[in-house]
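Participant: Model the following, please.
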Amino acid sequence: MATVGIQPILVHGGGKAITKAMNESGLEPQWVNGRRYTDERTMTIVEHVLIHDINASICETIKQLGCDAMGLHSLSSCVLFAEPLRYTDPQGRKIDLGLVGEVKTVNSVLLKTLGANGTIPVIAPVAIDRSGGKLNVNADSAAGKVAAAVEAEKFVSVSDTNGILKDVNDPDSGIESVTEAEIKKMITAGIITEGMLPKVDACLIAIDGGVKKAHIIDGRIQHSLLLEIYTEEGIGTQIIK
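Facilitator: This next block holds a predicted model:
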């Protein structure tokens, strides 16, 4: 994509690797409403795995393939700025998630400058709060906010599922194209649930922010990104306003 003049921005997660590292350290992951409760010790592991293991590895791979890359995270130039995320349960009680945040602003100027100079930004989902502290943020929603902030042409969620299915038990029931209104009906009907919800929410964040098209594709398929962008039929689900 970079070779033909597209300016890709990469936002990655690392949930499974973080859970593995926590288990090896003797820490039991705690989940609240699908979000990882993050205390100081957990945050240290999260930051190490995301930055030193995953982000550095992705940047190195991109450079080996002949492109320039820059890791953007809490130990270098951070482009994600967040506020602590607070949940309220049905009884009206506030639920504390620890050092978990929700991205509020993105340094789009830096991202656009890097892209214009031919550098691929690689963003780890660790944000900075107002006091300079670090917050663990959801990679999917962060990516949606990044896409909206830079006014991206397309937003693509690369997953281990082949787009949205009409029937989760039927891998051949994939949906090629769907509108935002249809998505919301599918969520209400319980067709889109669990692991697909964060991906879809990220797509809606991007589209509501002005991005023209969002896609959910299967990264296990070779060249899936190029196939979705450059072929008429595509290979995943396209979401439009």
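
Participant: tell me which element the spatially most central residue of the chain falls in.
Facilitator: Residue closest to the mean C-alpha point of the chain, counted by C-alpha atoms, centre = their mean, is Asp140 at 2.6 Å. Take DSSP states H and E as the rule and Asp140 turns out to sit in helix 139-149.

Participant: Check which element follows that helix along the chain.
Facilitator: strand 154-159.

Participant: Extract the C-alpha trace of the helix holding Asp140 and format it as PDB.
Facilitator: The C-alpha trace of helix 139-149 is given here as PDB (Å, rounded to 0.1, in the frame of the first residue of the first chain):
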ATOM      1  CA  ALA A 139      -7.200  -0.800  20.400                       C
ATOM      2  CA  ASP A 140     -10.300  -1.100  18.200                       C
ATOM      3  CA  SER A 141     -12.000   2.100  19.500                       C
ATOM      4  CA  ALA A 142      -8.600   4.000  19.400                       C
ATOM      5  CA  ALA A 143      -8.200   3.000  15.800                       C
ATOM      6  CA  GLY A 144     -11.600   4.300  15.000                       C
ATOM      7  CA  LYS A 145     -10.800   7.700  16.600                       C
ATOM      8  CA  VAL A 146      -7.400   7.800  14.700                       C
ATOM      9  CA  ALA A 147      -9.200   7.200  11.400                       C
ATOM     10  CA  ALA A 148     -11.700  10.000  12.100                       C
ATOM     11  CA  ALA A 149      -9.000  12.400  13.300                       C
END
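
Participant: can you map out the helices along the chain?
Facilitator: 15-24, 40-47, 56-64, 108-116, 139-149, 180-188, 196-208, 224-230 (DSSP state H).

Participant: Turn those helices into a markdown table, columns for distance to Asp160 and mean pLDDT.
Facilitator: C-beta: built from backbone N, CA, C; applies to glycine. A markdown table is the format used below for these (distance: least, C-beta to C-beta, whole Å; pLDDT from 0 to 100):
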| stretch | distance to Asp160 | mean pLDDT |
| --- | --- | --- |
| helix 15-24 | 10 | 93 |
| helix 40-47 | 21 | 94 |
| helix 56-64 | 17 | 97 |
| helix 108-116 | 26 | 97 |
| helix 139-149 | 13 | 96 |
| helix 180-188 | 20 | 90 |
| helix 196-208 | 11 | 91 |
| helix 224-230 | 11 | 86 |
